[in-house]
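Engineer: show me the folded form of this:
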Amino acid sequence: MKRILILSLSLFLIFFSLFSQSSSAIRDNDDKVLLIKIDGPIMGGSLEKVDKGIEKAEREGFSAVILTINTNGGRLDSLFLMVERVERSDLPIIGFVDGRAFSAGAMLLEGCDVACMAPHSVIGSAHPVSISFSGSQPIEDEKTVNALAKYAESKALAHGRNGDVVKRFVTENLDLTSEEAMKLGVIDFIAEDVEDLLDKVGGSEVKGKVLPEGLAKEEYNASFVTDILDILGDPTIASILLLVGVYALIFGLVSPGYGAEIVGSVCLILGLIGFGFDINYLALVLMAIGAILIILELFTPSFGVLGISGIIIMALAGIFLIPLNYPDWYVSEAMINEMISSIIAVSLIFGVFLIFVLYKVIKARNKRAVFSTIEGEEAEAIDDLNPTGFVMYDGEYWRARSREGEIKKGEKVIIIKKDRAELIVEKKN
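Structural biologist: Now for the predicted structure:
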């Protein structure tokens with residue numbers, strides 16, 4: 001056990017020392033734009049992707065950022081923070097709809113410095129809705145609708161676009177094709193693809209900066225944690241996780257064992273993360289659940305189920321506890337990914353060790369008793385028997401007593417008889 005712990009700690013330190021040297025250097029990318037893809041719901045994961053992508057572009061000297069938008073909408077709080085991040089950046093932020101931009105996606109496009117759509121793409125349908133287990137319901141509260149309509153209008157007007165039409169996205173659920181949006185002054189360009197967009201914006205001035213012609217693109221690769229948040233942020237997946245969690249907990253309370261409670265707790269917490277609850281606090285709860293399961297494994301004969309489940313849950317919690325705001329922690333994105341890899345590696349080591357221990361325990365339990373044939377067998381003293389100590393017999397430690405005289409450590413002995421839990425031995429001639 002001690003050797004395994006030392007090995008695990010050593011491997012972790014090796015991982016840490018390797019990626020601690022991999023801080024990202026500031027590079028000159030003024031001939032490039034950073035491409036950030038927003039596919040699927042606008043939730044916590046997409047917010048982190050935009051935030052970290054823009055930070056990367058600012059840090060590494062990109063000329064501009066392009067947000068490719070293809071979404072049915074998402075959470076309003078994530079949208080507001082995303083637009084604030086776009087407005088806070090000194091870099092030109094270009095929005096490009098290459099499929100659809102409904103609801104929050106439409107407002108995000110209007111919040112960008114340059115708004116562009118691909119031919120035959122669609123924008124609009126921004127009336128607010130509430131999502132629950134029973135489905136989605138339109139919000140008819142006049143205060144909420146008017147506030148969102150004015151918000152959408154103000155973002156369009158701030159960039160010289162038609163605020164009256166954009167406001168109707170909210171009040172009337174208006175939808176427009178790219179051709180209609182261009183005709184009504186809702187967008188700035190229509191482009192076939194990103195390359196065509198770069199040709200059209202090259203040489204234009206945005207945020208007081210002239211974009212050079214012939215810009216190349218580089219796609220932003222989000223972190224592993226952000227990808228998980230994107231998946232959990234899907235309303236369907238988050239709702240299913242919550243339902244499975246609740247019903248599993250109910251089932252677990254009325255049935256023996258711990259399996260249903262474990263599954264229910266994990267699903268419930270993952271569902272709450274998907275719906276936007278604070279990830280770090282819920283990760284700490286997951287960490288506590290994992291620790292409790294490992295402790296229970298020490299006192300409950302569960303054949304390793306509790307221990308392995310605890311290790312998996314703690315590894316998952318460790319991944320979620322990794323700081324998403326890596327520049328604020330003065331570490332690079334590569335370091336964050338390596339931290340995740342090290343957590344998984346150490347968890348695998350402990351998992352393999354636990355499986356090995358489980359195998360040995362099961363093997364020992366299934367071993368047939370040999371008490372009736374133990375007399376006359378040979379063993380080895382692993383202590384000085386003066387007159388008591390321990391001997392090794394058939395791979396097991398036995399308490400032993402010398403029948404006569406002192407027996408030194410390492411000497412061979414013959415078992416005379418068994419007296420309760422103690423072997424009576426004598427030195428082998």
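Engineer: right, and Ser130 touches Thr144 too?
Structural biologist: No: here Ser130 lies out of contact with Thr144, judged by CB atoms under 8 Å, at a distance of 9.9 Å. No exception for glycine: its C-beta is placed from N, CA and C like everyone else's.
Engineer: phi and psi next, for Arg59.
Structural biologist: With angles defined as degrees, to the nearest 10, Arg59 sits at phi -70, psi -30.
Engineer: residues near it, how many?
Structural biologist: 16 (other CB atoms under 10 Å).
Engineer: next one: Asp90
Structural biologist: 9.
Engineer: returning to what we had before: comparing Ser130 and Thr144, which shows the higher neighbour count?
Structural biologist: Thr144 (14 against 11).
Engineer: excluding its backbone neighbours, what's nearest that one?
Structural biologist: What sits nearest to Thr144 in space, not counting adjacent residues and going by CB to CB, 6 or more residues apart in numbering, is Pro128, at 5.9 Å.
Engineer: and that neighbour, how far from Met82?
Structural biologist: 16 Å (CB to CB, to the nearest Å).
Engineer: on that earlier part again, my read is that the residue nearest to Thr144 contacts Lys143, right?
Structural biologist: No: contact criterion CB under 8 Å: Pro128 and Lys143 do not qualify, at 11.1 Å.
Engineer: show me which of those two is the more surrounded one.
Structural biologist: Of the pair Pro128 and Lys143, Pro128 is the one with more neighbours under other CB under 10 Å, namely 18 against 8.
Engineer: looking at that one now. What's its pLDDT?
Structural biologist: Looking at Pro128, its pLDDT is 87.
Engineer: tell me the contacts of it?
Structural biologist: Neighbouring residues of Pro128 by CB atoms under 8 Å, 6 or more residues apart in numbering: 76, 103, 138-139, 144-145, 148, 170.
Engineer: drop anything exposed from the residues you listed.
Structural biologist: Burial by neighbour count, 16 or more other CB atoms under 10 Å: within the contacts of Pro128 this picks out 76, 103, 145, 148, 170.
Engineer: tell me how far the second one lies from Leu176.
Structural biologist: So that's Ser103. 14 Å.
Engineer: do the same with the third one
Structural biologist: Val145 sits 19 Å away from Leu176, going by CB to CB.
Engineer: tell me how many other residues crowd the nearest residue to Asp384 once chain neighbours are set aside.
Structural biologist: Leaving aside its chain neighbours, Asp384 sits nearest to Lys409 (5.2 Å; criterion: CB to CB, 6+ apart). Counted with other CB under 10 Å, the neighbours of Lys409 add up to 12.
Engineer: and if you look at Thr236?
Structural biologist: 10.
Engineer: and it, what pLDDT?
Structural biologist: pLDDT, Thr236: 73.
Engineer: please tell me how far it sits from Trp398.
Structural biologist: From Thr236 over to Trp398 (counting by CB to CB), the distance is 60 Å.
Engineer: just Lys167 next, same as before
Structural biologist: 86 Å.
Engineer: for Glu48, same thing?
Structural biologist: 59 Å.
Engineer: and if you look at Glu380?
Structural biologist: 11 Å.
Engineer: who has more neighbours, these two?
Structural biologist: Set Glu380 next to Trp398 and count neighbours by other CB under 10 Å: Trp398 wins out with 18 against 13.
Engineer: so the more buried one touches Val391, yeah?
Structural biologist: Yes: at 5.4 Å, Trp398 and Val391 qualify as touching, with contact defined as CB under 8 Å.
Engineer: OK, contacts around Tyr393?
Structural biologist: So Tyr393 contacts 374, 377, 379-380, 415, 423 (CB under 8 Å, 6+ apart).
Engineer: what do you get for Gly203?
Structural biologist: Contacts of Gly203 by CB under 8 Å, 6+ apart are 210-213.
Engineer: please, which helix or strand holds it?
Structural biologist: For Gly203, there is no enclosing helix or strand under DSSP states H and E.
Engineer: so how far is Ser402 from it?
Structural biologist: 97 Å.
Engineer: stretch 152-171 spans what distance, first to last residue?
Structural biologist: 11 Å (CA to CA, to the nearest Å).
Engineer: chain center to that stretch, what's the gap?
Structural biologist: Chain-centre distance of stretch 152-171: 36 Å, with CA atoms, centre = their mean, to the nearest Å.
Engineer: repeat that for stretch 197-204.
Structural biologist: That offset, for stretch 197-204, works out to 37 Å (CA atoms, centre = their mean).
Engineer: any buried residues in that stretch, and which?
Structural biologist: Those would be 197-198, 200-201, for stretch 197-204 by 16+ other CB under 10 Å.
Engineer: can you check the distance spanned by stretch 393-405, start to finish?
Structural biologist: End-to-end for stretch 393-405, by CA to CA: 20 Å.
Engineer: stretch 125-140 now?
Structural biologist: Distance across stretch 125-140, first residue to last, is 14 Å (CA to CA).
Engineer: mind giving me the domain split of the protein?
Structural biologist: What automatic domain parsing lists as the domains of the chain is 30-222, 226-365, 371-427.
Engineer: quick check: which of these is buried the most?
Structural biologist: A comparison of the domains of the chain by mean neighbour count, using mean count of other CB atoms under 10 Å, puts domain 30-222 on top with a mean of 19.
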